[in-house]
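Peer 1: Build me a model:
(2 chains)
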Amino acid sequence: DAKTTQPTSMDCAEGRAANLPCNHSTISGNEYVYWYRQIHSQGPQYIIHGLKNNETNEMASLIITEDRKSSTLILPHATLRDTAVYYCIVRLRFISNFGNEKLTFGTGTRLTIIP
Amino acid sequence: DTGVSQDPRHKITKRGQNVTFRCDPISEHNRLYWYRQTLGQGPEFLTYFQNEAQLEKSRLLSDRFSAERPKGSFSTLEIQRTEQGDSAMYLCASSFRTSGSGETQYFGPGTRLLVL
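Peer 2: All right, here's what the predicted structure looks like:
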């Protein structure tokens, strides 16, 4: 899977949009971009994923650049409960029934929402 | 609650003891994964099952570790002769594998192990 690069930490004011960047310059056409977050002492929580089009769900928006070498996760109105470590993961699209199924986590971005 | 559940949530044991953790996946999910997470690091893959078949094991899974999923539903992860280096959070995730290209893993709350 392609390697991702994320800032170690970020702060965001409560009520503002939090924009979390991720670089994945070696991504291939068969790889999805996934975002998870992990609130302290809990298991990772799935947020969103995309291939090449922008995606939005009830939690966040995912903006993928046209060349797919970077993406941004947007939390539109950050709350204190959004304080967490956010992981950007690039993962192979289905190629077979076996292999390449694991998620490879980096160290993520520690997002702190400031009251 | 229909999410992934894990038991126990916390375990303290003495070095050399055996421990067993249980994971109950989301109903009808055919894939089940185990990960380990140490302080300050992201989760690391250990092993996964499709139904009852164990399809991949990481090199992190030494011979003291064994995982089972006997009927393709819940899974257990056993660590024999625990060492202090086994202290970590053990995470379980499940997903539904189809022939399509998308598969999202959903994680449980984890079991935090401390080996004294």
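Peer 1: The residue of chain A at minimum distance from chain B: what's its closest spatial neighbour, skipping adjacent residues?
Peer 2: Taking Cβ to the nearest Cβ as the measure, chain A has A:Phe105 as its residue closest to chain B, at 2.9 Å. No exception for glycine: its C-beta is placed from N, CA and C like everyone else's. Excluding its sequence neighbours, the residue lying closest to A:Phe105 (Cβ to Cβ, 6 or more residues apart in numbering or on different chains) is B:Gly42, at 2.9 Å.
Peer 1: and the one you found, helix, strand or coil?
Peer 2: With DSSP: H, G, I helix; E, B strand; the rest coil as the basis, B:Gly42 sits in coil.
Peer 1: so what's it up against?
Peer 2: By Cβ atoms under 8 Å, 6 or more residues apart in numbering or on different chains, the residues touching B:Gly42 are A:85, A:87, A:105-108.
Peer 1: how about 7 Å then?
Peer 2: If you count contacts by Cβ atoms under 7 Å, 6 or more residues apart in numbering or on different chains, B:Gly42 has them with A:87, A:105-108.
Peer 1: Same check on B:Glu28?
Peer 2: Taking Cβ under 7 Å, 6+ apart, one finds B:Phe96 in contact with B:Glu28.
Peer 1: ok, back up a step: quick one: which of the contacts of B:Gly42 sit in strands?
Peer 2: If you go by DSSP state E, the contacts of B:Gly42 have A:Tyr87 in strands.
Peer 1: which among the contacts of B:Gly42 gets closest to B:Thr13?
Peer 2: Distances from B:Thr13 to those, taken as Cβ to Cβ, are shortest for A:Phe105 (25.8 Å).
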